[in-house]
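Visitor: only geometry, no sequence info:
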(Lines give C-alpha, C1' and ligand atoms only; values in the text may rest on other atoms or scores of the structure.)
Protein backbone atom coordinates (compact mmCIF):
# COMPACT_ATOMS: atom_id res chain seq x y z
CA UNK A 1 0.00 0.00 0.00
CA UNK A 2 1.20 3.49 -0.81
CA UNK A 3 0.02 6.60 1.03
CA UNK A 4 0.99 10.17 0.21
CA UNK A 5 -0.40 13.65 0.79
CA UNK A 6 -3.13 14.64 -1.65
CA UNK A 7 -2.37 17.98 -3.31
CA UNK A 8 -5.28 18.09 -5.75
CA UNK A 9 -3.58 17.16 -9.02
CA UNK A 10 -4.51 13.47 -9.41
CA UNK A 11 -6.09 12.36 -12.71
CA UNK A 12 -9.39 10.58 -11.99
CA UNK A 13 -11.20 11.02 -15.29
CA UNK A 14 -11.55 7.87 -17.36
CA UNK A 15 -11.11 5.42 -14.49
CA UNK A 16 -13.69 2.68 -14.55
CA UNK A 17 -15.39 1.12 -11.56
CA UNK A 18 -17.70 -1.86 -11.25
CA UNK A 19 -21.00 -1.52 -9.42
CA UNK A 20 -23.62 -3.83 -7.98
CA UNK A 21 -27.23 -2.70 -8.00
CA UNK A 22 -29.62 -4.37 -5.58
CA UNK A 23 -33.33 -3.77 -6.17
CA UNK A 24 -35.63 -4.75 -3.33
CA UNK A 25 -38.94 -6.29 -4.36
CA UNK A 26 -41.69 -6.28 -1.71
CA UNK A 27 -43.13 -9.60 -0.63
CA UNK A 28 -46.68 -10.53 -1.60
CA UNK A 29 -47.45 -12.00 1.84
CA UNK A 30 -46.53 -10.33 5.14
CA UNK A 31 -45.00 -13.60 6.35
CA UNK A 32 -42.47 -13.63 3.49
CA UNK A 33 -39.32 -11.55 3.32
CA UNK A 34 -38.49 -9.18 0.50
CA UNK A 35 -36.85 -10.55 -2.60
CA UNK A 36 -33.93 -8.86 -4.29
CA UNK A 37 -32.81 -8.54 -7.86
CA UNK A 38 -29.07 -7.92 -8.30
CA UNK A 39 -27.24 -6.53 -11.32
CA UNK A 40 -23.55 -6.02 -12.15
CA UNK A 41 -22.66 -2.80 -13.99
CA UNK A 42 -19.27 -2.66 -15.69
CA UNK A 43 -17.60 -0.37 -18.20
CA UNK A 44 -18.77 2.97 -16.86
CA UNK A 45 -16.68 5.87 -15.59
CA UNK A 46 -19.68 7.62 -14.05
CA UNK A 47 -21.28 6.73 -10.74
CA UNK A 48 -24.24 8.90 -11.76
CA UNK A 49 -24.75 6.77 -14.89
CA UNK A 50 -24.88 3.66 -12.70
CA UNK A 51 -27.26 5.36 -10.26
CA UNK A 52 -29.54 6.62 -13.04
CA UNK A 53 -29.72 3.11 -14.53
CA UNK A 54 -30.56 1.66 -11.12
CA UNK A 55 -33.40 4.12 -10.49
CA UNK A 56 -34.80 3.60 -13.99
CA UNK A 57 -34.69 -0.20 -13.66
CA UNK A 58 -36.17 -0.14 -10.13
CA UNK A 59 -39.12 2.01 -11.21
CA UNK A 60 -39.72 3.34 -7.69
CA UNK A 61 -38.63 0.24 -5.74
CA UNK A 62 -35.95 0.66 -3.04
CA UNK A 63 -32.38 0.24 -4.28
CA UNK A 64 -28.85 -0.07 -3.00
CA UNK A 65 -25.78 0.80 -5.07
CA UNK A 66 -22.41 -0.70 -4.21
CA UNK A 67 -18.99 -0.03 -5.68
CA UNK A 68 -16.71 -3.05 -5.84
CA UNK A 69 -13.30 -2.53 -4.25
CA UNK A 70 -11.09 -5.61 -4.33
CA UNK A 71 -13.52 -8.32 -3.20
CA UNK A 72 -15.64 -6.02 -1.04
CA UNK A 73 -18.95 -4.33 -1.79
CA UNK A 74 -19.10 -0.80 -0.40
CA UNK A 75 -22.60 0.64 -0.25
CA UNK A 76 -22.62 4.18 -1.61
CA UNK A 77 -26.37 4.70 -1.97
CA UNK A 78 -29.60 3.45 -0.41
CA UNK A 79 -30.38 1.07 2.41
CA UNK A 80 -32.04 -2.26 3.07
CA UNK A 81 -35.82 -2.23 3.46
CA UNK A 82 -37.09 -1.93 7.00
CA UNK A 83 -34.54 0.46 8.36
CA UNK A 84 -30.90 1.19 8.56
CA UNK A 85 -29.00 4.28 7.62
CA UNK A 86 -29.57 5.67 4.15
CA UNK A 87 -26.36 6.46 2.34
CA UNK A 88 -26.41 9.09 -0.40
CA UNK A 89 -23.86 9.63 -3.13
CA UNK A 90 -21.71 12.74 -2.78
CA UNK A 91 -20.28 13.95 -6.07
CA UNK A 92 -17.16 16.09 -5.96
CA UNK A 93 -15.95 17.57 -9.23
CA UNK A 94 -12.28 17.12 -10.06
CA UNK A 95 -12.34 19.78 -12.74
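Guide: Structure received. Only a predicted model underlies this, so the values are computations on that prediction, with no experimental measurement involved. Numbering: from 1, shown residues only.
Visitor: ranges for the strands of this protein?
Guide: 17-25, 35-44, 63-69, 72-78 (DSSP state E).
Visitor: pLDDT of the last one, averaged?
Guide: Going back to what we said before, that points to strand 72-78. If you average the pLDDT over strand 72-78, you get 85.
Visitor: and it with strand 17-25, angle?
Guide: Here the directions of strand 72-78 and strand 17-25 differ by 60 degrees (axes from the mean of the first three to the mean of the last three Cα atoms, to 10 degrees).
Visitor: now for the lowest-mean-pLDDT helix or strand in the chain, which elements pack on it?
Guide: In the chain, no helix or strand scores lower on mean pLDDT, DSSP states H and E than strand 72-78, which sits at a mean of 85. Contacts defined by 3 or more Cβ pairs under 8 Å, 6 or more residues apart in numbering; DSSP states H and E place strand 72-78 against helix 47-58, strand 63-69. Just so you know, the C-beta spots here come from the backbone N, C-alpha and C atoms, and that holds for glycine as well.
Visitor: Point out where this structure drops to low pLDDT.
Guide: 1-15, 82-95 (pLDDT under 70).
Visitor: dump the residue contacts of residue 42.
Guide: Applying Cβ atoms under 8 Å, 6 or more residues apart in numbering to residue 42 gives the contacts 16, 18, 19.
Visitor: can you pick the most crowded of these?
Guide: Within these, residue 19 tops the neighbour count with 22 neighbours, counted by other Cβ atoms under 10 Å.
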